[in-house]
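[1] pasting the sequence and the predicted model now:
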Amino acid sequence: MSTLPSAPHVGDIPPAEFRAAMHRAADLAADYLEHVGEYPVLARTEPGAVRAALPAAPPERAEPMEAILADYKRIVEPNLTHWNHPGFMAYFGITGSGPGIVGETLAAALNVNAMLWRTSPAATELEELVTDWMRQLVGLPEPFRGHINDTASVSSFIALAVARHRVPGLNIRAKGLAGRPEVPGLTVYCSDQAHSSIDKAVIALGLGHENLRKIPVDDAFRMDVASLDAAIAADRAAGRLPIAVVATAGTTSTTSVDPLPAIADVARREGIWLHVDAAYAGNAAVCPEYRALLQGWERADSIVFNPHKWLFTPVDCSLLYVRDVELLRSAFSLVPEYLRTPETGVTNLMDYGIQLGRRFRALKLWMVIRGFGAEGIRERIRLHCALGREFAEWVAREPGFEVVAPVPFSTVCFRATPRGSPESQDAANERILARVNDSGRVFLSHTQLRGRLVLRLTVGNLRTTREHVERAWALIREAASAS
């Protein structure tokens, strides 16, 4: 007869301790969101300092949650770059909103794996519902079917994998690419402003980075369609096989929108997959006036946009929409015996991507949509875009500054233009960026356009007001005077 080893503590922590810890965590979260603007937005810590403040070895004995949460408050929270800060205007501002945080918390408590309908019926059906809600909100036609992934990087990877799978006669799913001299070089096309995730997808899919064609852009940083045509023709003449073009709606540097109708014409004529990366700007399509800027995306084979970028949903939550969901399924579906279930006519989310285990991401997005409503979401995005345009107007009127790209949404690319060489101007803008970010009140990022260093300010945080944008402009002007 076997005997179980004796152990003084088994199971979870006591319910009363858990309840007290959750109440304390709720207070910590609410206090943080209420006072996050009092922190320096950019982390003020040295590399290795957080790790040095904590024990090098794990604890042998259990520690009380009260002590753990105290260390969180003392060590973790102060040593972050605060993406929820109203002065966070770098990259693309994101917000963990109240409804989204509640949804994320409950998803963690439920801790389901939504790989099969059977393993999580509500999680599966809520994902189907909420992705269809979002399809309606952004005005995509009914054939599109949504699927939630973690990031746009993975969503774009999946889309290009389906484009590769669709190539007739190659049977890449079964035979792969290696050791097959009969398979020509498979080429993918994007603008030279496309996100680096497209480069990584091409590398990871075994297509080869050399087979990614970076198409030049026009004066507004949009893909030049004549150059796209020429690149495809040159590849076909050289015996290569074009399989996909990636159009960007809201480029990372400038938020420019590629000419989607013309690119869709090329893709259809050439018989190649069209993927639209709208990770940032796709969210703005909840507003009809911004949806017009994305005209043509409804002709794509696949589209990605991220509610965690500009729809107030905590990271991570990326929506991939495909026109032919059965093609997506045929690219990835693989059902071993231990995952077979008797239900018919149901969705098994594991069939639509590379992941088997799947978090309940739909819950937080569902709560955000209900918590703000379509009208509330539109009002907030319209405010952010209005603040971005107003900031651009201030820059354009200021002697010694220039706006260097169009401002279709809420991101402004600008630079100081003091007298001197382009190189000395770049150095001046680097100094401005450093002074502003060192202030602790605002965090800006930068990019490079036409070989020159350019500053970026983007408005996307729920807590950012006109006062915060005014403060950013004052700090920028002060830094320019000092440099």
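    Nice, I can see it. Numbering: from 1, shown residues only.
[2] show me where this structure has strands.
    If you assign secondary structure with DSSP state E, the strands in the chain sit at 145-149, 186-191, 212-215, 241-248, 273-277, 302-305, 318-322, 401-403, 411-416, 445-449, 452-458.
[3] looking at those strands, which is nearest to L356?
    strand 145-149 (13.3 Å; CB to CB). All C-beta spots, glycine's among them, are computed from the backbone N, C-alpha and C.
[4] distance from the chain centre to the closest one, please.
    14 Å (CA atoms, centre = their mean, to the nearest Å).
[5] just the angle between that strand and strand 318-322, please?
    150 degrees (axes from the mean of the first three to the mean of the last three CA atoms, to 10 degrees).
[6] CA atoms of strand 145-149 as PDB?
    C-alpha atoms of strand 145-149 as PDB (Å, rounded to 0.1, in the frame of the first residue of the first chain):
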ATOM      1  CA  ARG A 145     -13.800  35.900 -40.100                       C
ATOM      2  CA  GLY A 146     -11.800  37.100 -37.000                       C
ATOM      3  CA  HIS A 147      -9.300  35.200 -34.900                       C
ATOM      4  CA  ILE A 148      -7.500  36.500 -31.800                       C
ATOM      5  CA  ASN A 149      -3.700  36.200 -31.500                       C
END
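[7] residues making contact with that strand?
    The set of residues external to strand 145-149 that reach it, using CB atoms under 8 Å, 6 or more residues apart in numbering, is 127-128, 131-132, 134-135, 155, 158, 317-323, 325, 328, 349, 352-353, 355, 361-362, 365.
[8] so what strands line up beside that strand?
    strand 318-322 (antiparallel) (DSSP bridges).
[9] that older thread, with mean neighbour count added, can I get the strands of the chain in JSON lines?
    JSON lines is the format used below for the strands of the chain (neighbours: other CB atoms under 10 Å):
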{"stretch": "strand 145-149", "mean neighbour count": "23"}
{"stretch": "strand 186-191", "mean neighbour count": "26"}
{"stretch": "strand 212-215", "mean neighbour count": "20"}
{"stretch": "strand 241-248", "mean neighbour count": "26"}
{"stretch": "strand 273-277", "mean neighbour count": "28"}
{"stretch": "strand 302-305", "mean neighbour count": "29"}
{"stretch": "strand 318-322", "mean neighbour count": "27"}
{"stretch": "strand 401-403", "mean neighbour count": "17"}
{"stretch": "strand 411-416", "mean neighbour count": "26"}
{"stretch": "strand 445-449", "mean neighbour count": "16"}
{"stretch": "strand 452-458", "mean neighbour count": "22"}
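[10] CSV for these, including mean pLDDT and distance to P336?
    Converted to CSV, these look like this (pLDDT from 0 to 100; distance: least, CB to CB, whole Å):
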stretch, mean pLDDT, distance to P336
strand 145-149, 97, 21
strand 186-191, 98, 29
strand 212-215, 98, 34
strand 241-248, 98, 29
strand 273-277, 98, 29
strand 302-305, 98, 27
strand 318-322, 98, 24
strand 401-403, 98, 56
strand 411-416, 98, 45
strand 445-449, 97, 45
strand 452-458, 97, 45
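[11] redo those as TSV? Include distance to T465.
    Below are the strands of the chain laid out as TSV (distance: least, CB to CB, whole Å):
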stretch	distance to T465
strand 145-149	31
strand 186-191	34
strand 212-215	39
strand 241-248	30
strand 273-277	30
strand 302-305	25
strand 318-322	28
strand 401-403	22
strand 411-416	17
strand 445-449	20
strand 452-458	14
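[12] so which of these gets nearest F332?
    For the strands of the chain, the distance to F332 is smallest for strand 145-149, at 10.3 Å, taking CB to CB.
[13] check contacts around L207.
    160, 164, 177, 186-188.
[14] and stretch 342-356, what's its mean pLDDT?
    When pLDDT is averaged over stretch 342-356, the result is 95.
[15] what helices or strands is the lengthiest helix in the chain leaning on?
    The longest helix of the chain (DSSP state H) is helix 362-397. In terms of contacts (3 or more CB pairs under 8 Å, 6 or more residues apart in numbering; DSSP states H and E), helix 362-397 is packed against helix 98-110, helix 121-138, helix 307-310, strand 401-403, strand 411-416, strand 452-458, helix 466-482.
[16] check which residues of it are buried.
    Of the residues in helix 362-397, those scored as buried under the neighbour-count criterion (16 or more other CB atoms under 10 Å) are 362-369, 371-372, 377-378, 380-385, 387-388, 390-392, 394-395.
[17] correct me, but R389 touches V407?
    Yes - under the criterion of CB atoms under 8 Å, R389 is in contact with V407, at a separation of 5.9 Å.
[18] now M367: how far from V36?
    Spatial separation of M367 from V36 under the definition CB to CB, to the nearest Å is 20 Å.
[19] and of the strands of the chain, who's closest to R24?
    Shortest distance between R24 and these, using CB to CB, is found for strand 145-149: 30.6 Å.
[20] all the helices of the stretch 201-350 of the chain, residue numbers only.
    Ranges of helices in the stretch 201-350 of the chain, per DSSP state H, counting those that start in this stretch, are 225-237, 260-270, 288-291, 307-310, 325-332.
[21] still on that earlier bit, out of the strands of the chain, which comes closest to A284?
    Taking CB to CB as the criterion, A284 comes closest to strand 302-305 out of these, the separation being 9.1 Å.
[22] hang on, the earlier thing: now the helices of the stretch 201-350 of the chain in JSON lines, with mean pLDDT and mean neighbour count?
    Formatted as JSON lines, the helices of the stretch 201-350 of the chain follow (pLDDT from 0 to 100; neighbours: other CB atoms under 10 Å):
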{"stretch": "helix 225-237", "mean pLDDT": "98", "mean neighbour count": "16"}
{"stretch": "helix 260-270", "mean pLDDT": "98", "mean neighbour count": "18"}
{"stretch": "helix 288-291", "mean pLDDT": "96", "mean neighbour count": "15"}
{"stretch": "helix 307-310", "mean pLDDT": "96", "mean neighbour count": "28"}
{"stretch": "helix 325-332", "mean pLDDT": "96", "mean neighbour count": "17"}
